[in-house]
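A.B. asks: output the structure for:
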Amino acid sequence: MRDDLTDGTSPEYSSRLNAPEAGASDEHEAADSEVEYEPDDVDDAPAREAAADGTAARGDDPDEPAWRAGIRGSRFGQVAVVLVAAFAIAIAAWWAVGPDDSGPAQAETAVVTEVDVAGAASAPVAGQTAPAFTGAGLDSQEVVLDPQSMEGRPVWLMFVATWCTGCRTEMPDVQAAAAEYGDDVEVIVVYVGEDAGTVRAYSERVGNEFTQVSDRSQAISAAYGIMGVPSHFFIGADGVVQQVHVGLLTPEQMSESLQALTGS
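C.D. replies: Here you go, the predicted model:
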């Protein structure tokens with residue numbers, strides 16, 4: 001047996017088996033060049049998939065990274081967009097109302113009803129002397145607030161309206177606080193732009209027992225720069241404004257402000 005046989009086939013014979021016949025390669029290449037592709041021969045699977053999931057209709061950016069497109073089209077991406085929009089709205093609302101750093105009740109609920117008071121001045125702030133006024137009480141008596149003669153008694157001055165939802169909501173709490181602190185604090189509630197008859201009917205219906213003033217002419221409201229109700233001014237016995245709060249107060253916030261006002 002010959003030494004060059006390893007698998008039963010001689011190298012010479014093996015090479016002849018593997019070698020293509022003369023001219024076969026040229027004929028194959030020529031045949032390939034003559035093949036014409038019909039439209040049905042093109043693989044349109046990617047296009048069908050794009051149409052199925054709507055990417056072609058949406059006009060997605062073909063250069064967009066796959067990971068970003070996946071997030072944008074997923075439920076997670078949709079939820080993220082909603083959360084970002086909600087956060088932006090919340091920030092805008094916060095800036096519209098503005099933070100209140102005038103006293104301990106900084107977490108007050110922003111329930112404010114806008115009112116149009118002609119000729120409104122700038123509202124007094126903490127540290128300024130409260131504007132003096134004389135108004136008509138429901139018992140036909142004058143109600144006077146004179147910072148020069150407070151007689152050592154602080155004042156909780158409120159501006160409200162009988163039709164104001166926030167004012168009506170907090171009125172029972174105002175009545176309760178007035179009953180608790182009435183010996184130490186004068187509670188005066190001014191009704192913006194309303195006549196005495198309207199205020200009296202409302203007061204009798206809800207049972208208010210503190211001092212109430214009808215500000216039909218809006219003169220008092222203008223002096224205090226009222227732009228929204230309810231508005232609260234806590235005025236010390238020296239006639240100086242200690243705290244200002246615009247919006248509905250909770251019972252806890254009322255107690256905090258009244259305790260600070262009386263030093264109790």
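A.B. asks: in the stretch 101-250 of the chain, which spans are helices?
C.D. replies: 165-181, 196-206, 219-223 (DSSP state H, counting those that start in this stretch).
A.B. asks: show me the contact partners of the shortest one.
C.D. replies: Just to be clear, that refers to helix 219-223. Helix 219-223 is contacted by residues 115, 117-121, 131, 133, 135, 159, 190, 192-193, 213, 215 when judged by Cβ atoms under 8 Å, 6 or more residues apart in numbering. All C-beta atoms are positioned from the backbone trio N, CA, C, and that covers glycine.
A.B. asks: got the buried residues for stretch 254-264?
C.D. replies: Judged by neighbour count using 16 or more other Cβ atoms under 10 Å, the buried positions of stretch 254-264 are Met254, Ser255, Glu256, Ser257, Leu258, Ala260, Leu261, Thr262.
A.B. asks: ok, stretch 212-227 next?
C.D. replies: Neighbour counts over stretch 212-227 (16+ other Cβ under 10 Å) mark 212-216, 218, 220-227 as buried.
A.B. asks: next: stretch 133-151.
C.D. replies: Result for stretch 133-151 [16+ other Cβ under 10 Å]: buried residues Phe133, Gly135, Ala136, Gly137, Leu138, Val143, Leu145, Pro147, Met150.
A.B. asks: quick one: contacts for Phe234?
C.D. replies: Counting by Cβ under 8 Å, 6+ apart, Phe234 touches 103, 154-157, 241-245, 257-258, 260-261.
A.B. asks: quick one: it from Leu261, how far?
C.D. replies: According to Cβ to Cβ, to the nearest Å, Phe234 stands 5 Å off from Leu261.
A.B. asks: ok, Gly137 next?
C.D. replies: 22 Å.
A.B. asks: ok, back up a step: would you mind putting the buried residues of stretch 254-264 into TSV with secondary structure and distance to Asn208 alongside?
C.D. replies: Output for the buried residues of stretch 254-264, formatted as TSV (DSSP: H, G, I helix; E, B strand; the rest coil; distance: Cβ to Cβ, whole Å):
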residue	secondary structure	distance to Asn208
Met254	helix	15
Ser255	helix	19
Glu256	helix	22
Ser257	helix	19
Leu258	helix	17
Ala260	helix	24
Leu261	helix	20
Thr262	helix	21
